[in-house]
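> got a structure for you, letters missing:
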(Lines give C-alpha, C1' and ligand atoms only; values in the text may rest on other atoms or scores of the structure.)
Protein backbone atom coordinates (compact mmCIF):
# COMPACT_ATOMS: atom_id res chain seq x y z
CA UNK A 1 0.00 0.00 0.00
CA UNK A 2 1.01 3.63 -0.57
CA UNK A 3 0.99 6.42 2.00
CA UNK A 4 2.52 9.77 2.92
CA UNK A 5 4.78 10.37 5.92
CA UNK A 6 3.23 13.09 8.10
CA UNK A 7 5.44 12.81 11.18
CA UNK A 8 8.90 11.50 12.05
CA UNK A 9 9.93 10.63 15.60
CA UNK A 10 13.36 9.09 15.45
CA UNK A 11 13.06 5.56 14.10
CA UNK A 12 9.25 5.55 13.83
CA UNK A 13 7.10 7.29 11.26
CA UNK A 14 3.41 8.16 11.11
CA UNK A 15 2.10 7.41 7.63
CA UNK A 16 -1.28 8.53 6.31
CA UNK A 17 -2.90 5.84 4.17
CA UNK A 18 -6.28 7.07 2.96
CA UNK A 19 -7.97 8.31 6.14
CA UNK A 20 -5.95 6.03 8.43
CA UNK A 21 -2.75 6.78 10.33
CA UNK A 22 -0.30 3.89 10.55
CA UNK A 23 2.83 3.72 12.68
CA UNK A 24 5.67 2.38 10.53
CA UNK A 25 9.39 1.75 10.64
CA UNK A 26 12.21 1.15 8.21
CA UNK A 27 13.80 -2.19 7.65
CA UNK A 28 17.33 -2.07 6.23
CA UNK A 29 19.11 0.84 4.56
CA UNK A 30 17.96 2.85 1.58
CA UNK A 31 20.12 4.26 -1.20
CA UNK A 32 19.49 8.02 -1.35
CA UNK A 33 20.77 9.36 -4.69
CA UNK A 34 24.32 9.72 -3.33
CA UNK A 35 23.08 11.95 -0.50
CA UNK A 36 24.63 11.46 2.93
CA UNK A 37 21.57 11.83 5.12
CA UNK A 38 20.92 11.68 8.84
CA UNK A 39 17.24 11.03 8.08
CA UNK A 40 16.54 8.56 5.25
CA UNK A 41 12.83 9.40 5.37
CA UNK A 42 11.43 12.92 5.63
CA UNK A 43 8.02 14.40 6.30
CA UNK A 44 6.20 14.70 2.98
CA UNK A 45 7.73 11.54 1.51
CA UNK A 46 5.46 9.12 -0.33
CA UNK A 47 6.27 5.53 0.62
CA UNK A 48 5.17 1.97 0.05
CA UNK A 49 4.58 -0.09 3.16
CA UNK A 50 3.21 -3.43 4.29
CA UNK A 51 1.51 -4.45 7.53
CA UNK A 52 3.61 -6.45 9.98
CA UNK A 53 2.27 -9.88 10.79
CA UNK A 54 -0.03 -9.87 13.83
CA UNK A 55 0.97 -6.26 14.58
CA UNK A 56 -0.85 -2.89 14.21
CA UNK A 57 2.37 -1.45 12.76
CA UNK A 58 3.87 -1.56 9.26
CA UNK A 59 7.25 -1.72 7.56
CA UNK A 60 8.29 0.78 4.88
CA UNK A 61 9.72 -1.04 1.87
CA UNK A 62 10.21 1.81 -0.62
CA UNK A 63 10.59 5.59 -0.71
CA UNK A 64 9.00 6.92 -3.90
CA UNK A 65 10.92 9.51 -5.96
CA UNK A 66 10.72 13.04 -4.52
CA UNK A 67 9.51 15.98 -6.61
CA UNK A 68 11.64 18.28 -4.46
CA UNK A 69 12.99 18.74 -0.97
CA UNK A 70 14.48 21.34 1.36
CA UNK A 71 17.80 20.29 2.85
CA UNK A 72 20.19 21.70 5.43
CA UNK A 73 23.51 20.78 6.99
CA UNK A 74 23.31 18.22 9.75
CA UNK A 75 23.94 19.73 13.17
CA UNK A 76 25.35 16.42 14.41
CA UNK A 77 27.39 14.88 11.58
CA UNK A 78 29.96 16.66 9.45
CA UNK A 79 29.47 16.23 5.67
CA UNK A 80 25.96 14.91 6.31
CA UNK A 81 22.72 16.66 5.51
CA UNK A 82 19.18 16.61 6.88
CA UNK A 83 16.03 16.81 4.76
CA UNK A 84 13.53 19.17 6.40
CA UNK A 85 10.62 18.14 4.16
CA UNK A 86 9.85 16.87 0.68
CA UNK A 87 7.21 17.15 -2.03
CA UNK A 88 6.23 20.69 -1.06
CA UNK A 89 4.35 23.27 -3.13
CA UNK A 90 5.57 26.44 -1.41
CA UNK A 91 7.72 27.63 1.47
CA UNK A 92 7.15 30.26 4.13
CA UNK A 93 10.28 31.57 5.82
CA UNK A 94 9.38 33.26 9.10
CA UNK A 95 11.86 35.94 10.17
CA UNK A 96 12.07 38.48 12.98
CA UNK A 97 13.83 41.83 13.15
CA UNK A 98 14.77 41.38 16.81
CA UNK A 99 14.58 38.74 19.56
CA UNK A 100 15.99 36.92 17.61
CA UNK A 101 17.20 38.91 14.58
CA UNK A 102 17.24 36.99 11.31
CA UNK A 103 20.28 37.78 9.18
CA UNK A 104 20.10 38.50 5.46
CA UNK A 105 22.66 35.73 4.97
CA UNK A 106 20.30 33.19 6.54
CA UNK A 107 17.42 34.37 4.33
CA UNK A 108 19.53 34.17 1.17
CA UNK A 109 20.78 30.67 1.96
CA UNK A 110 17.21 29.50 2.45
CA UNK A 111 16.11 31.10 -0.83
CA UNK A 112 18.99 29.46 -2.71
CA UNK A 113 17.68 26.10 -1.43
CA UNK A 114 14.11 26.80 -2.55
CA UNK A 115 15.21 28.28 -5.89
CA UNK A 116 17.20 25.13 -6.66
CA UNK A 117 13.84 23.33 -6.94
CA UNK A 118 11.82 26.36 -8.13
CA UNK A 119 9.76 26.28 -4.92
CA UNK A 120 7.82 29.56 -4.53
CA UNK A 121 8.81 31.30 -1.28
CA UNK A 122 7.24 33.94 0.93
CA UNK A 123 8.96 35.88 3.71
CA UNK A 124 6.88 36.39 6.85
CA UNK A 125 8.07 39.17 9.17
CA UNK A 126 6.66 38.27 12.59
CA UNK A 127 6.46 40.24 15.84
CA UNK A 128 6.09 43.57 14.03
CA UNK A 129 4.13 44.89 17.01
CA UNK A 130 7.34 44.84 19.08
CA UNK A 131 9.27 47.16 16.74
CA UNK A 132 9.70 50.68 18.11
CA UNK A 133 13.36 51.56 17.50
CA UNK A 134 14.16 53.42 14.31
CA UNK A 135 16.94 51.00 13.29
CA UNK A 136 14.55 48.04 13.62
CA UNK A 137 11.86 49.76 11.54
CA UNK A 138 14.48 50.59 8.91
CA UNK A 139 15.65 46.95 8.76
CA UNK A 140 12.03 45.84 8.32
CA UNK A 141 11.62 48.22 5.39
CA UNK A 142 14.91 46.98 3.97
CA UNK A 143 13.51 43.45 3.85
CA UNK A 144 10.66 44.77 1.70
CA UNK A 145 13.03 46.76 -0.51
CA UNK A 146 15.40 43.83 -1.11
CA UNK A 147 13.05 40.87 -1.58
CA UNK A 148 9.70 42.13 -2.89
CA UNK A 149 11.18 43.37 -6.23
CA UNK A 150 12.70 39.91 -6.73
CA UNK A 151 9.25 38.29 -6.64
CA UNK A 152 9.29 37.11 -3.03
CA UNK A 153 6.14 38.32 -1.24
CA UNK A 154 6.99 39.95 2.11
CA UNK A 155 4.16 39.77 4.66
CA UNK A 156 4.13 41.54 8.02
CA UNK A 157 2.23 39.93 10.87
CA UNK A 158 1.84 39.42 14.58
CA UNK A 159 1.22 35.69 15.10
CA UNK A 160 0.31 36.46 18.70
CA UNK A 161 -2.10 39.36 18.25
CA UNK A 162 -3.47 39.57 14.68
CA UNK A 163 -7.18 38.81 14.57
CA UNK A 164 -7.43 38.12 10.83
CA UNK A 165 -4.69 35.48 10.45
CA UNK A 166 -6.98 32.76 9.06
CA UNK A 167 -8.51 35.11 6.50
CA UNK A 168 -5.04 36.35 5.54
CA UNK A 169 -3.48 32.91 5.03
CA UNK A 170 -6.30 30.53 4.08
CA UNK A 171 -6.55 31.41 0.35
CA UNK A 172 -2.82 30.87 -0.22
CA UNK A 173 -2.67 27.61 1.71
CA UNK A 174 -5.71 25.84 0.25
CA UNK A 175 -4.86 22.57 -1.48
CA UNK A 176 -1.09 23.05 -1.09
CA UNK A 177 1.67 21.51 1.01
CA UNK A 178 3.40 24.46 2.68
CA UNK A 179 6.69 24.34 4.56
CA UNK A 180 7.09 26.71 7.52
CA UNK A 181 10.74 27.33 8.43
CA UNK A 182 12.83 29.78 10.46
CA UNK A 183 15.05 30.23 13.50
CA UNK A 184 13.94 28.98 16.90
CA UNK A 185 11.89 31.65 18.64
CA UNK A 186 10.53 33.47 15.58
CA UNK A 187 6.97 32.29 16.28
CA UNK A 188 6.37 29.36 13.93
CA UNK A 189 4.52 27.30 16.53
CA UNK A 190 2.46 30.31 17.62
CA UNK A 191 1.31 30.89 14.03
CA UNK A 192 0.52 27.21 13.56
CA UNK A 193 -1.56 27.09 16.74
CA UNK A 194 -3.54 30.12 15.58
CA UNK A 195 -4.21 28.68 12.12
CA UNK A 196 -4.75 25.07 13.21
CA UNK A 197 -5.95 25.06 16.85
CA UNK A 198 -5.75 21.27 17.18
CA UNK A 199 -2.03 21.37 16.27
CA UNK A 200 -1.26 22.36 19.92
CA UNK A 201 2.43 22.97 19.29
CA UNK A 202 4.41 23.94 22.40
CA UNK A 203 5.58 27.56 22.53
CA UNK A 204 8.23 29.24 24.64
CA UNK A 205 9.39 32.81 25.02
CA UNK A 206 12.74 33.88 23.63
CA UNK A 207 15.54 34.05 26.19
CA UNK A 208 15.98 37.67 27.28
CA UNK A 209 19.61 36.92 28.10
CA UNK A 210 20.73 35.59 24.72
CA UNK A 211 17.88 36.88 22.46
CA UNK A 212 17.84 33.38 21.00
CA UNK A 213 14.89 31.08 20.65
CA UNK A 214 14.43 27.80 22.45
CA UNK A 215 13.67 24.70 20.39
CA UNK A 216 10.02 23.79 21.03
CA UNK A 217 9.48 21.63 17.93
CA UNK A 218 11.85 18.66 17.95
CA UNK A 219 10.58 16.72 14.93
CA UNK A 220 9.04 17.88 11.66
CA UNK A 221 5.31 17.27 11.41
CA UNK A 222 2.66 17.77 8.75
CA UNK A 223 -0.78 19.09 9.76
CA UNK A 224 -3.91 18.93 7.58
CA UNK A 225 -5.23 22.36 6.65
CA UNK A 226 -8.61 22.81 4.99
CA UNK A 227 -9.35 20.63 1.99
CA UNK A 228 -6.27 18.78 0.72
CA UNK A 229 -3.87 21.30 2.26
CA UNK A 230 -0.97 20.60 4.63
CA UNK A 231 1.22 22.78 6.81
CA UNK A 232 4.67 21.38 7.66
CA UNK A 233 6.17 22.67 10.90
CA UNK A 234 9.93 22.19 11.22
CA UNK A 235 12.37 22.42 14.13
CA UNK A 236 14.10 25.80 14.43
CA UNK A 237 17.17 26.14 12.23
CA UNK A 238 20.29 27.81 13.65
CA UNK A 239 22.31 27.76 10.46
CA UNK A 240 21.34 27.06 6.88
CA UNK A 241 24.16 25.42 4.94
CA UNK A 242 24.15 25.15 1.17
CA UNK A 243 24.73 21.64 -0.09
CA UNK A 244 25.33 19.96 -3.43
CA UNK A 245 25.45 23.19 -5.44
CA UNK A 246 28.49 23.72 -7.63
CA UNK A 247 30.16 27.12 -7.93
CA UNK A 248 29.00 27.61 -11.51
CA UNK A 249 25.40 26.78 -10.53
CA UNK A 250 25.05 29.21 -7.63
CA UNK A 251 24.23 32.28 -9.72
CA UNK A 252 21.29 30.34 -11.23
CA UNK A 253 19.61 30.46 -7.81
CA UNK A 254 19.92 34.21 -7.29
CA UNK A 255 16.99 35.43 -9.39
CA UNK A 256 18.49 38.86 -10.11
CA UNK A 257 21.73 37.27 -11.35
CA UNK A 258 19.97 34.60 -13.37
CA UNK A 259 18.54 37.05 -15.91
CA UNK A 260 22.07 38.09 -16.96
CA UNK A 261 23.51 34.60 -17.38
CA UNK A 262 24.91 34.05 -20.84
CA UNK A 263 25.66 37.76 -21.28
CA UNK A 264 29.14 37.63 -19.74
CA UNK A 265 32.25 37.48 -21.93
CA UNK A 266 33.26 34.07 -20.55
CA UNK A 267 30.94 31.07 -20.25
CA UNK A 268 32.43 29.98 -16.92
CA UNK A 269 32.21 33.47 -15.36
CA UNK A 270 31.73 33.40 -11.57
CA UNK A 271 30.95 37.14 -11.44
CA UNK A 272 33.80 37.98 -9.08
CA UNK A 273 36.36 40.07 -11.01
CA UNK A 274 36.32 38.67 -14.54
CA UNK A 275 36.62 41.10 -17.47
CA UNK A 276 33.45 41.56 -19.48
CA UNK A 277 31.19 40.35 -16.64
CA UNK A 278 27.61 41.55 -17.22
CA UNK A 279 26.64 40.92 -13.57
CA UNK A 280 29.40 43.23 -12.29
CA UNK A 281 28.32 45.84 -14.83
CA UNK A 282 24.66 45.90 -13.66
CA UNK A 283 25.79 45.72 -10.02
CA UNK A 284 27.75 48.94 -10.62
CA UNK A 285 24.63 50.47 -12.17
CA UNK A 286 22.58 49.65 -9.05
CA UNK A 287 20.33 46.94 -10.52
CA UNK A 288 21.53 44.31 -8.02
CA UNK A 289 21.31 44.97 -4.30
CA UNK A 290 24.82 45.04 -2.79
CA UNK A 291 23.75 42.94 0.23
CA UNK A 292 22.51 40.19 -2.03
CA UNK A 293 25.73 40.27 -4.05
CA UNK A 294 27.80 40.17 -0.84
CA UNK A 295 25.91 37.07 0.29
CA UNK A 296 26.42 35.48 -3.13
CA UNK A 297 30.18 35.96 -2.71
CA UNK A 298 30.10 34.62 0.86
CA UNK A 299 28.30 31.44 -0.18
CA UNK A 300 30.61 31.07 -3.16
CA UNK A 301 33.74 31.39 -1.03
CA UNK A 302 32.71 28.85 1.59
CA UNK A 303 34.80 25.72 1.58
CA UNK A 304 33.14 22.53 0.41
CA UNK A 305 33.15 21.18 3.94
CA UNK A 306 30.79 23.99 4.95
CA UNK A 307 28.51 23.80 1.95
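Great, that's in hand. This is a predicted model, so every value here is computed, not measured.
> which residues does residue 124 contact?
92, 93, 94, 95, 155, 157, 182, 191 (CB atoms under 8 Å, 6 or more residues apart in numbering). Heads up, the C-betas are built off the backbone N, CA and C, glycines and all.
> among these, who's most crowded?
When neighbours are counted by other CB atoms under 10 Å, residue 191 leads the contacts of residue 124 with 28 neighbours.
> so what secondary structure elements neighbour the helix or strand containing that residue?
If you go by DSSP states H and E, residue 191 is part of helix 188-195. Secondary-structure packing of helix 188-195 (3 or more CB pairs under 8 Å, 6 or more residues apart in numbering; DSSP states H and E): helix 165-173, strand 177-181, strand 229-233.
> 7 Å instead, please
Helices and strands touching helix 188-195, by 3 or more CB pairs under 7 Å, 6 or more residues apart in numbering; DSSP states H and E, are helix 165-173, strand 229-233.
> picking that back up, next step: the contacts of residue 124 restricted to helices.
Counting by DSSP state H, those place residue 191 in helices.
> Tell me which of the contacts of residue 124 fall in strands.
Judged by DSSP state E, the subset of the contacts of residue 124 located in strands is 92, 93, 94, 95, 155.
> Contacts only, for the last one.
Taking CB atoms under 7 Å, 6 or more residues apart in numbering as the criterion, residue 155 is in contact with 122, 124, 125.
> Show the pLDDT at it.
Residue 155 is assigned a predicted lDDT (pLDDT) of 97.
> Please report how far it lies from residue 148.
Residue 155 sits 10 Å away from residue 148, going by CB to CB, to the nearest Å.
> cool, residue 62 as well?
Counting by CB to CB, the separation of residue 62 from residue 148 is 42 Å.
> and what of residue 18?
Using CB to CB, residue 18 is found at 41 Å from residue 148.
> Identify the bridge partners of residue 70.
residue 85 (DSSP bridges).
> same check, this time on residue 20
residue 17.
> what's the burial count for it?
9.
> hang on, the earlier thing: off-centre distance for the helix holding residue 191?
Its chain's average C-alpha position is 16 Å from that of helix 188-195, according to CA atoms, centre = their mean, to the nearest Å.
> Thanks a lot, catch you later.
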